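Undergrad: I would like the atomic coordinates for the input below:
(chains A and B)
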Number of protein chains: 2
Amino acid sequence: MEIDDELEYQLGEMTRKTHEMDIPVMIIIEGPPASGKSRLSNALYMALDSKYTDFVATRPAREIDLRYPFMQRFWNHLPKEGDINIHFRSWYAQYIEYKEAGITENIAVDYKDICNDMENFEKMLHNNGYEILKFYVNTSEEVRQRHLEKLKENPILKWKAEEFEENLELYNYEEEMQDFIGKDQLIPWTEIDFEHKNDAINTLFSTIIEKLEKRIEKEDTTPVQRIVSDFTRYFETELFTFDFEEESLKKPEYKEMLPDLQLRMREIQFQLYRHKIPLVLVYEGMDAAGKGGNIKRTRERLDPTGYTVNAVSAPTDMELAHHYLWRFATSIPRSGHIGFFDRSWYGRVLVERVEGFASQKEWSQAYEEINDFERSLYNSGAIILKFFLSLDKDEQLKRFEKREENIEKQWKITSEDWRNREKWEQYLEASEDMIKKTDTDYAPWHIIPGNDKRYARIEVLKRIISTYEKVLNNE
Amino acid sequence: MEIDDELEYQLGEMTRKTHEMDIPVMIIIEGPPASGKSRLSNALYMALDSKYTDFVATRPAREIDLRYPFMQRFWNHLPKEGDINIHFRSWYAQYIEYKEAGITENIAVDYKDICNDMENFEKMLHNNGYEILKFYVNTSEEVRQRHLEKLKENPILKWKAEEFEENLELYNYEEEMQDFIGKDQLIPWTEIDFEHKNDAINTLFSTIIEKLEKRIEKEDTTPVQRIVSDFTRYFETELFTFDFEEESLKKPEYKEMLPDLQLRMREIQFQLYRHKIPLVLVYEGMDAAGKGGNIKRTRERLDPTGYTVNAVSAPTDMELAHHYLWRFATSIPRSGHIGFFDRSWYGRVLVERVEGFASQKEWSQAYEEINDFERSLYNSGAIILKFFLSLDKDEQLKRFEKREENIEKQWKITSEDWRNREKWEQYLEASEDMIKKTDTDYAPWHIIPGNDKRYARIEVLKRIISTYEKVLNNE
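TA: Residues are numbered from 1 along each chain as shown, chains lettered A, B, ... in the order given. This is a model prediction of the structure:
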């Protein structure tokens, strides 16, 4: 059978539409060596508009890949709205390779947990409008042998055939893939037989056309309702109430304690480095609660080549065109490094909820997505601590006023801060919901009384140190 | 001496200003091991706003780094407008390390040429509004020994001292750096003595304040004049005139030649891969000259895991906030891979010149910048071919009309194409200027008659093949 030009045209039409409609598309092509998946993928790559198509080949892992969470490479290559990725080999091939090679550098758990990470990743993307299409290319042993023989005839290409044969021996790829394909997955596989190249291409193209057509038809083009709702009328919480008198530290006491804790923190940085453990530190809290100054005391004696501070500002166009976790997932510290997050992915369920930037559906599903995301960091060996710096409303007012009076601090206060303050109760309710729904064993929240800055700084340092020591002693 | 709080506040003020004025700032900190540059850099990192400050540590090269041009890591980390980079060790440290370790993977030339690449890089950034500040931190042998002894006292930090000592022995870092500092460079070095930490910090901060203040004062805030000028009234050129009758191919002839050339192209892809040579293919030409179809015939039998097609569309906000070469420099194929560029960095001197998107100063200096950039690719071992597909004005009209008539091709033609056509002579003049000014030994232009698509496709394939074979035989 000939390649059908009409199909190529339709595929072009359909993908121009998904591009215009800002639908991100991920086409996954798996298949054993010499199955024909290269030729198939090349035909697909050529048929799509290079302006918004990326060909992402998953190669055997390099040392640097093993220093990040398992899904990191795919986070890094996530298509933005309207773009198309062809994933030539995907997290499935990577999973099989890691598992069979017994890789444990960035796997702190059972491989089953990694399967969960993969499923959660697909579910999360699916629930956020990503269109994922999964293809498994295979052919008979006979046809594959024919491909290999043909390669071997050409002295320049012969080594490629040998590489194929080596890989065939190395991994139980086909068996493992059949397991995945047999499972009841949220996004099912389409199997393609490569006996005849043109038939295979036609099947691939027509399947993509059909699936994208369905997606486009059911695409809800009514603008998302971004109505701020779901807040209690008179919200009260005990969660952030402290006896602030008690939770305080005198200056001399503070000055005495700080240097030792900072030195210990410095030692921990080097120990993390040697043990190749990533440390993720998340800071949330009310405006003027002292997050920046708190982080500053923790980083004061650290080696700057081993940590990064990610301070969140309004997202760029590029970030808005991706899944909301993308900009954070791509900033996760590599093994042995420390990543500070001065505000974080929790913006989705705080400011985005309170201001109505995210729809109710979006922020409601975010709790689970965030738990899954942090779980995937934990699965890669990360230690995660989340701090909520809490101060009371009067103390905030005092600090706001002090900032306005002090010429050196005026830049720190804007009208936005005052506007946020008016929504104090709503932020409180969103914060309580957040803490209740995302406080997990592997990524616990620490609510820190923040009326006394010195107390809060010492407390945070102590928590990091004791958490680290607990992890180290259990190992 | 104490750290001066007033200085820290001024530094904050000054960098808030450069941020608001969209000035990108690169602060380079070099210095031998145990000189105190970590502590100095950390103080600086802490004093700047994390929202727009990046700490970029240049680590010993990994295998993947050696598969890209020497400057690639710095292209990848180029700050965008208004952002600040602290480069902890920079291209200088990398240069010394590569040279002393005898690294040749991505160095196809004498190391002197790499020095030129470094100088050109700085000059290019400087001429495009980047503020580069270079610091060399050092201290007496005695103080350094004291640092090392102190580290060694702590069992947890001891290995760091040993690493320092090892590095001190490994490279002639100080001597090489003194050579650079003694040279008459466009951007001079500021030396900082680290005998006393706080003095050193105060010197660093006050130097940065002073230099940024000067820069802000002289910053020209009048909007750049983007007047389209500098075109000949009645431009005529012989460059793109061919006997199109002669430069044509009958279909049977074409059908016979194509498969062999495509197979040879496939072999070459594998040979490039084995020899780890990157191949850069640039396609420019009039609208409807057949670039996409031409590229398609060249890639038809290639392995899609070894090439990428970069089709240029309007720059994103993120791209506009960087140097114009940034989006291309970060898409250069790694060694052994092929990068197709369907339109390219030459947009700066073509569409940006003709449409007035770049000022006369900007596009005028771009020829040299582009030559330097291509030279740096060549220096890393790349083979570069640039094709200009030329068709005459009548043939373009025919193709435009055909596209409008054919429902399957209508998407290819927009009102913009018709508008561009009205500026035919200006594009021709800009193209001739471009070719005359950027036709180099290491990255030559190939003007390909494009009225006959078949002829053009065969011709491009032949040129790639013969260039490759020439390179291979000279080695």
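Undergrad: got any ranges where the stretch 101-250 of chain A has weak pLDDT?
TA: Residues of the stretch 101-250 of chain A meeting the criterion pLDDT under 70: A:224-226, A:229.
Undergrad: quick one, strands of it?
TA: With DSSP state E, counting those that start in this stretch as the criterion, the stretch 101-250 of chain A has strands at A:131-138, A:189-193.
Undergrad: before we move on, what about the stretch 351-475 of chain A?
TA: For the stretch 351-475 of chain A, the strands defined by DSSP E, counting those that start in this stretch occupy A:383-390, A:445-449.
Undergrad: Excluding sequence neighbours, find me the nearest residue to the most centrally placed residue in chain A.
TA: The centroid of chain A falls nearest to A:Ala329 when counting by Cα atoms, centre = their mean (3.7 Å). Spatial nearest neighbour of A:Ala329, chain neighbours left out: A:Trp75 (4.1 Å); criterion: Cβ to Cβ, 6 or more residues apart in numbering or on different chains. The C-beta positions use only the backbone N, C-alpha and C, and glycine is treated the same way.
Undergrad: what's the helix or strand hosting the one you found in contact with?
TA: Under the criterion of DSSP states H and E, A:Trp75 resides in helix A:72-76. Residues from elsewhere that reach helix A:72-76 (Cβ atoms under 8 Å, 6 or more residues apart in numbering or on different chains): A:58, A:65, A:87, A:90-91, A:94, A:121, A:325-326, A:329-330, A:332.
Undergrad: what's the most buried one of the strands of the stretch 351-475 of chain A?
TA: strand A:383-390 (a mean of 23; mean count of other Cβ atoms under 10 Å in any protein chain shown).
Undergrad: and the nearest residue to A:Ser90 once chain neighbours are set aside, how many residues sit next to it?
TA: In this structure, A:Ser90 finds its nearest non-sequential neighbour in A:Ile28, 4.5 Å apart by Cβ to Cβ, 6+ apart. Using other Cβ atoms under 10 Å in any protein chain shown, A:Ile28 has 23 neighbouring residues.
Undergrad: What's the separation between A:Ile28 and chain B?
TA: 14 Å (Cβ to the nearest Cβ, to the nearest Å).
Undergrad: So what touches the helix or strand harbouring that residue?
TA: Using DSSP H and E, A:Ile28 sits within strand A:25-30. The contact list for strand A:25-30, computed with Cβ under 8 Å, 6+ apart, reads A:15, A:18, A:37, A:40-41, A:44, A:79, A:83-90, A:92-93, A:125, A:130-137, A:177, A:208, A:212.
Undergrad: one step back: per-residue confidence at the residue nearest to the centre of chain A?
TA: According to the prediction, A:Ala329 has pLDDT 97.
Undergrad: thought A:Phe341 was touching A:Arg327?
TA: No - using Cβ atoms under 8 Å, A:Phe341 makes no contact with A:Arg327, being 10.9 Å away.
Undergrad: before we move on, the earlier item: would you mind putting the strands of the stretch 351-475 of chain A into TSV with mean pLDDT and distance to B:Ile114 alongside?
TA: Output for the strands of the stretch 351-475 of chain A, formatted as TSV (pLDDT from 0 to 100; distance: least, Cβ to Cβ, whole Å):
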stretch	mean pLDDT	distance to B:Ile114
strand A:383-390	98	41
strand A:445-449	97	49
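Undergrad: so which of these gets nearest chain B?
TA: Nearest of the strands of the stretch 351-475 of chain A to chain B, taken as Cβ to the nearest Cβ: strand A:383-390 at 16.1 Å.
Undergrad: List the buried residues in stretch A:192-205.
TA: A:192, A:194, A:200-205 (16 or more other Cβ atoms under 10 Å in any protein chain shown).
Undergrad: and those residues, which two are the farthest apart?
TA: Pairwise distances across the buried residues of stretch A:192-205 (Cβ to Cβ) peak at 14.1 Å, for the pair A:Phe194 and A:Phe205.
Undergrad: For A:Asp439, give me phi and psi.
TA: Dihedral angles of A:Asp439 (phi, psi; degrees, to the nearest 10) stand at phi -90, psi 100.
Undergrad: Which residues are in contact with A:Asp311?
TA: Not Asp; residue A:311 is Ala. A:292, A:342-343, B:49-51.
Undergrad: Buried subset of the residues you listed as a ChimeraX selection?
TA: Restricted to buried positions by 16+ other Cβ under 10 Å, the ChimeraX selection for the contacts of A:Ala311 reads:
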select /A:292,342,343 /B:49,50
